[in-house]
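Novice: I would like the atomic coordinates for the input below:
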Amino acid sequence: MDQEQPPEPVSDEAIRAYMQRQIRSGRVKAAVLVVQNQQAFPEVAAERIVRCFNELESPYLKR
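Specialist: Below is the predicted model:
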């Protein structure tokens, strides 16, 4: 019988790398980046996505 394997946990590095790619593409504004990541990584807690966003160092982010 095939048992479904639980999805592997997503690392913070993978979340930050996804955010960086989205920002650099120019298609995503920083204001919607957290929401988009919540949709892309539904198994990751919102607090963790926000923490990863706050750790980003990018010239594309105006703070």
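Novice: measure stretch 31-49 end to end?
Specialist: With Cα to Cα, to the nearest Å as the measure, stretch 31-49 spans 13 Å from end to end.
Novice: any idea of the mean pLDDT for it?
Specialist: Per-residue pLDDT values over stretch 31-49 give a mean of 92.
Novice: and for stretch 9-26?
Specialist: Averaging pLDDT along stretch 9-26 gives 91.
Novice: now do the buried residues in stretch 31-41.
Specialist: Leu33, Gln36, Asn37, Phe41 (16 or more other Cβ atoms under 10 Å). For every residue, glycine as well, the C-beta is placed using N, CA and C.
Novice: just those residues now: which is nearest Ser11?
Specialist: Minimum distance to Ser11 across these is 10.7 Å, recorded for Phe41 (Cβ to Cβ).
Novice: convert the C-alpha atoms of the helix ranked longest in the chain to PDB, please.
Specialist: Ranked by residue count under DSSP state H, the longest helix found in the chain is helix 12-25. Extracted in PDB, the C-alpha atoms of helix 12-25 (Å, rounded to 0.1, in the frame of the first residue of the first chain):
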ATOM      1  CA  ASP A  12      14.100  29.400   5.900                       C
ATOM      2  CA  GLU A  13      16.800  29.600   3.200                       C
ATOM      3  CA  ALA A  14      14.300  28.200   0.700                       C
ATOM      4  CA  ILE A  15      11.700  30.700   1.700                       C
ATOM      5  CA  ARG A  16      14.100  33.600   1.500                       C
ATOM      6  CA  ALA A  17      15.400  32.500  -1.900                       C
ATOM      7  CA  TYR A  18      11.900  32.300  -3.200                       C
ATOM      8  CA  MET A  19      11.200  35.800  -1.900                       C
ATOM      9  CA  GLN A  20      14.500  37.100  -3.500                       C
ATOM     10  CA  ARG A  21      13.500  35.600  -6.900                       C
ATOM     11  CA  GLN A  22      10.100  37.200  -6.700                       C
ATOM     12  CA  ILE A  23      11.500  40.600  -5.800                       C
ATOM     13  CA  ARG A  24      14.200  40.500  -8.500                       C
ATOM     14  CA  SER A  25      11.600  39.500 -11.100                       C
END
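Novice: understood, closing this out.
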